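*Asks:* the following comprises the amino acid sequence and a computationally predicted model.
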Amino acid sequence: MDSKDELPLERDLVSSLEKGLKVIEAFDQERSRLTIAEVAQATGMTRAAARRYLITLTHLGYMRHENKMFSLTPAVLRLGQSYLHSARLPRIVQPSLYRLAYSLGEAASIGVLDHDQLVCVAAVSAGQLVSVTLQPGTRIPAYCTANGRVLLAGLPQEELERYLARVAPERITEHTIADKERLALEIARARAQGYALVDQELELGLCTIAVPVRNFRGDAVAALNISVHANRQPAHAMAERYLPALIKMQVELSALL
């Protein structure tokens, strides 16, 4: 395909593969064990179709079946590992991320946008375990994260407006910005100042600051952040403390992409 916006022809799509992946995606933190009926409802399939896909995935080792309940097995991690091991971005950024984290003594991570979520593709804790979300493969809402906001700020205006129209922000903590107008202002602020600062909107006690990572064309392909506990570093002091190191690493990584 010549363009990422070009839609494939229906005859070129393998519908069974699409449905099988939808079954896997039906399971998440809130829905770790599901019945056939629940999978059918989550995927829009009939019970009979959902049953066949679940049996097939169980046969392949991606599911386990116990007392009418299905759950994912660790074999599913192979799918994510295939990306982390083969994709260029995680391999390139990991050494630089390690140096950044240990030079500051703080946790650092790099994430990318996947639809409306922020996916962590590389992380280094540097001995500071401030959040369980700072792990490769973790998916979190983009609207309440520093990495997510700088990447949303890098979207074309039309695409950003479509995102704001469909997103339904929830108050994850008492600090989460759930009002769309305020969220749009924060994204605009991130675009204007070149970084985003989020104070305990995803988790209580978690403060993050992020900058975009651009490729040679100037496209924001990832976001780089530092995460600290609010008790050790208040949010209002983070830009002065961490932004110079983030910008230096931003320039270094952009030269590699």
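*Replies:* Sure, I can see it. Note that the coordinates shown come from a computational prediction; the quantities given were computed from them, not determined experimentally. Numbers count the residues shown, from 1 in each chain.
*Asks:* does V228 count as helix, strand or coil?
*Replies:* Look at V228: counting by DSSP: H, G, I helix; E, B strand; the rest coil, its state is strand.
*Asks:* surely it meets A237?
*Replies:* No - shown here, V228 and A237 do not form a contact pair, counting by C-beta atoms under 8 Å, at 9.7 Å. Any C-beta I mention is one placed from the backbone N, CA and C, and that applies to glycine too.
*Asks:* who has more neighbours, those two?
*Replies:* Using other C-beta atoms under 10 Å as the criterion, V228 and A237 rank with V228 on top: 25 against 11.
*Asks:* surely V211 meets Q250?
*Replies:* Yes - with contact defined as C-beta under 8 Å, V211 reaches Q250; the gap is 4.9 Å.
*Asks:* which residues are common contacts for the two?
*Replies:* Residues touching both V211 and Q250 by C-beta atoms under 8 Å, 6 or more residues apart in numbering: L224.
*Asks:* who's more crowded, those two?
*Replies:* Between V211 and Q250, V211 has the larger neighbour count (other C-beta under 10 Å), namely 26 against 21.
*Asks:* partners of the helix or strand harbouring the more buried one in the sheet?
*Replies:* Assigned by DSSP states H and E, V211 belongs to strand 206-214. For strand 206-214, the pairing partners within the sheet under DSSP bridges are strand 196-199 (antiparallel), strand 220-229 (antiparallel).
*Asks:* dump the first one to CSV, restricted to CA.
*Replies:* Translated: strand 196-199. Presented in CSV, the C-alpha positions along strand 196-199 are these (Å, rounded to 0.1, in the frame of the first residue of the first chain):
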residue,chain,number,x,y,z
ALA,A,196,3.8,18.2,28.6
LEU,A,197,3.6,18.0,32.4
VAL,A,198,1.0,15.8,34.1
ASP,A,199,0.5,15.9,37.8
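*Asks:* identify all contacting residues around that strand.
*Replies:* 144-147, 149-150, 153, 175, 186, 189-190, 207-210, 230, 235, 238-239.
*Asks:* pLDDT wise, what is the closest residue to A220 other than its chain neighbours at?
*Replies:* Distances taken as C-beta to C-beta, 6 or more residues apart in numbering put G154 closest to A220, at 3.1 Å, once the chain neighbours are dropped. Note for G154: predicted pLDDT of 93.
*Asks:* return the residues in contact with L164.
*Replies:* 180, 183-184 are the contacts of L164 under C-beta under 8 Å, 6+ apart.
*Asks:* and it, helix, strand or coil?
*Replies:* Applying three-state DSSP: L164 is helix.
*Asks:* may I see the buried residues of the helix ranked longest in the chain?
*Replies:* If you go by DSSP state H, the chain has its longest helix at helix 238-256. Buried residues in helix 238-256, counted by 16 or more other C-beta atoms under 10 Å: 238, 242-243, 245-246, 249-250, 253-254.
*Asks:* now that helix against strand 206-214, angle please.
*Replies:* Using axes from the mean of the first three to the mean of the last three C-alpha atoms, to 10 degrees, the inter-axis angle of helix 238-256 relative to strand 206-214 is 30 degrees.
*Asks:* so what secondary structure elements neighbour helix 238-256?
*Replies:* Of the remaining helices and strands, those touching helix 238-256 by 3 or more C-beta pairs under 8 Å, 6 or more residues apart in numbering; DSSP states H and E are helix 88-104, strand 206-214, strand 220-229.
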